[in-house]
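Trainee: Sharing a model prediction with you, sequence too.
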Amino acid sequence: MTRTRNRTPENAHVYLIGSGIASLASAVLLIRDAGVPGRNIHILEKDRIAGGALDGSGDAEHGFVARGGQMHERHYACYWDLLSGIPSLENPEVSVTDETFEFNERLISHGQARLLKDGRRLDVSSYGLSLAQQARLLKLLYESEASLGDRKIEDWFDGAFFGTNFWFIWSTMFAFQRWSSLAEMRRLCGASFIWWRGCRIWVAC
Ligand SMILES: Cc1cc2nc3c(=O)[nH]c(=O)nc-3n(C[C@H](O)[C@H](O)[C@H](O)COP(=O)(O)OP(=O)(O)OC[C@H]3O[C@@H](n4cnc5c(N)ncnc54)[C@H](O)[C@@H]3O)c2cc1C
């Protein structure tokens, strides 16, 4: 395949499939670094709601629904660099990066509960995993992704696993179902070591 460099990016038309952050980031870089005009970038989305895994819907009167809580850590250097060139909707003089940091300093999160049932806080001082289930979780981390193939989470763990505090926290935090991809769970479990370093997850996994 021969590659030809496009020397007139202002005339290029780019079609991105999906409106998730991957496409949105591509669009920003195409505008910022490659000089492609925004009007020439076309984002095609099959869903009714835009944003992919970062979607959100609703209004101030009825409330908002987002698929999952997303952690935007300070060490996401590329992410914050990306957003530093995007003006805030409320104040175009301020970038989305600065707006977010300012918001986080003003409104420190103060979570008081990990799990609720019938409006009451549950005791999650233990993940409720048996030794065998903990071992199974550890074994998952050491499996190669290829060997997991298209297996589901329920193909790996025993039925009781899905009644543990660990599963309730895990599945509600990351929108997993029993039938979700085991390989995806393994990936996220590995990533969680980084996100939640120092937390009890180290022991559980
Ligand atoms: C509950 C939850 C919590 C998470 N928490 C974090 C977190 O804390 N920190 C973090 O860094 N990451 C987190 N993630 C992961 C992160 O949100 C995703 O990795 C990221 O948003 C994926 O972006 P993407 O653009 O690659 O794909 P997606 O967001 O999946 O977007 C793909 C888009 O393409 C569309 N599409 C697919 N096929 C077609 C087609 N043929 N035609 C048109 N459109 C199509 C889909 O409808 C979708 O809108 C979380 C994810 C979830 C679900």
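Mentor: Ah, there it is.
Trainee: which SSE is His42 in?
Mentor: Here His42, judged by DSSP states H and E, is contained in strand 41-44.
Trainee: Briefly note if the next helix or strand after that strand comes near the ligand.
Mentor: Counting by DSSP H and E, the element after strand 41-44 in chain order, helix or strand, is strand 56-59. No - interface with the ligand: strand 56-59 contributes nothing (C-beta under 6 Å from any ligand atom), its closest point being 11.8 Å away. Placement of C-beta: from N, CA and C, glycine included.
Trainee: What residues sit buried inside the helix or strand that comes right after strand 56-59?
Mentor: Once the chain leaves strand 56-59, the next helix or strand it forms, by DSSP H and E, is strand 63-66. Residues of strand 63-66 include none that count as buried (16 or more other C-beta atoms under 10 Å).
Trainee: Direction included, what does strand 63-66 pair up with?
Mentor: strand 56-59 (antiparallel) (DSSP bridges).
Trainee: quick one: contacts for the residue most central in space within the chain?
Mentor: Centroid check for the chain by C-alpha atoms, centre = their mean gives Gln70 as the closest residue, at 5.4 Å. By C-beta atoms under 8 Å, 6 or more residues apart in numbering, the residues touching Gln70 are Leu54.
Trainee: Could you list the low-confidence segments of the chain?
Mentor: Where the chain drops to pLDDT under 70, the residues are 1, 68-69, 191-205.
Trainee: residue ranges of the helices in it, please?
Mentor: Taking DSSP state H, the helices of the chain run over residues 21-32, 77-83, 96-106, 131-142, 145-148, 165-174, 182-195, 201-204.
Trainee: out of the ones you listed, nearest to the ligand?
Mentor: Across the helices of the chain, the ligand has its closest neighbour in helix 21-32 (3.3 Å, C-beta to the nearest ligand atom).
Trainee: so what secondary structure elements neighbour the closest one?
Mentor: strand 14-17, strand 41-44, helix 77-83 (3 or more C-beta pairs under 8 Å, 6 or more residues apart in numbering; DSSP states H and E).
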